[in-house]
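Asker: starting from these lines, generate the structure:
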Amino acid sequence: MSGHQSISDLQTHTGFWLRYVSNHVSQAFARKVEELGVTVAEWVILRELYSAESTAPSELAERTGLTRGAVSKLADRLIAKKLIGRAFSTEDRRWQTLTLTAAGKRLIPQLAKLADANDEEFFACLTSRERAALLGTLKKLVKLNLLSTLPVD
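Answerer: Purely as a prediction, here's the structure:
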């Protein structure tokens, strides 16, 4: 009798295959958006701001699952790139809101096109029924495992 314990192969784990596909999809998307001068994390903030007129950084943190510090750093980078602006309350300088600039508003559709193209590149081989099933399964896993932070890296 051997002293070796039988262990499962990596390729037998669903998580291995999820990570394998996810890494390739995510890295391809990161390369695409970086050509337009933003990171995936910055895209997440820009996209969230696109849905709102103006938003407090704390609200962005809550919606994305990022820390307030991470949102603050991303906001600083996006302000330096002139893609978002920051306004302070006249009553309380600690209260601030973030808004898209005109340049940010023009960039969002380009970034969204890249996201759509990236999805198409990786998932076009699936039928519409398979894509819907995959999406439904992933959303079910998110819900059942109480996942709340958006993937940004």
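Asker: quick one, grab the pLDDT at residue 73.
Answerer: Residue 73 carries a pLDDT value of 96.
Asker: repeat that for the one 5 residues further on.
Answerer: At residue 78, the predicted lDDT confidence score is 98.
Asker: please apply the same query to residue 3.
Answerer: pLDDT, residue 3: 68.
Asker: what helix or strand is the closest residue in space to residue 83 that isn't next to it in sequence located in?
Answerer: Sequence neighbours aside, residue 104 is the residue nearest to residue 83 in space, at 3.8 Å (criterion: C-beta to C-beta, 6 or more residues apart in numbering). Just so you know, the C-beta spots here come from the backbone N, C-alpha and C atoms, and that holds for glycine as well. Element membership for residue 104 (DSSP states H and E) is helix 102-123.
Asker: what's the next secondary structure element after that helix?
Answerer: Proceeding N to C from helix 102-123, the next assigned helix or strand is helix 128-144, under DSSP H and E.
Asker: quick one: contacts of that next one?
Answerer: The contact list for helix 128-144, computed with C-beta atoms under 8 Å, 6 or more residues apart in numbering, reads 123, 126, 147.
Asker: quick check: residue 65 touching residue 150?
Answerer: Yes - contact criterion C-beta atoms under 8 Å: residue 65 and residue 150 qualify, at 5.5 Å.
Asker: that older thread, got the CA positions of the helix holding residue 104 in PDB?
Answerer: What follows is the C-alpha trace of helix 102-123 in PDB, where atoms were taken according to Å, rounded to 0.1, in the frame of the first residue of the first chain:
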ATOM      1  CA  ALA A 102     -18.100  65.600 -21.800                       C
ATOM      2  CA  ALA A 103     -15.000  63.500 -22.700                       C
ATOM      3  CA  GLY A 104     -16.100  60.800 -20.300                       C
ATOM      4  CA  LYS A 105     -19.600  60.700 -21.800                       C
ATOM      5  CA  ARG A 106     -18.100  60.400 -25.300                       C
ATOM      6  CA  LEU A 107     -15.800  57.600 -24.200                       C
ATOM      7  CA  ILE A 108     -18.500  55.400 -22.600                       C
ATOM      8  CA  PRO A 109     -20.100  54.200 -25.900                       C
ATOM      9  CA  GLN A 110     -16.600  53.300 -27.300                       C
ATOM     10  CA  LEU A 111     -15.800  51.200 -24.100                       C
ATOM     11  CA  ALA A 112     -19.200  49.600 -24.200                       C
ATOM     12  CA  LYS A 113     -18.600  48.500 -27.800                       C
ATOM     13  CA  LEU A 114     -15.300  46.900 -26.700                       C
ATOM     14  CA  ALA A 115     -17.100  45.100 -23.900                       C
ATOM     15  CA  ASP A 116     -19.800  43.800 -26.400                       C
ATOM     16  CA  ALA A 117     -17.100  42.800 -28.900                       C
ATOM     17  CA  ASN A 118     -15.100  41.000 -26.300                       C
ATOM     18  CA  ASP A 119     -18.200  39.000 -25.300                       C
ATOM     19  CA  GLU A 120     -18.900  38.200 -28.900                       C
ATOM     20  CA  GLU A 121     -15.400  37.100 -29.500                       C
ATOM     21  CA  PHE A 122     -15.400  34.600 -26.600                       C
ATOM     22  CA  PHE A 123     -19.100  33.500 -26.600                       C
END
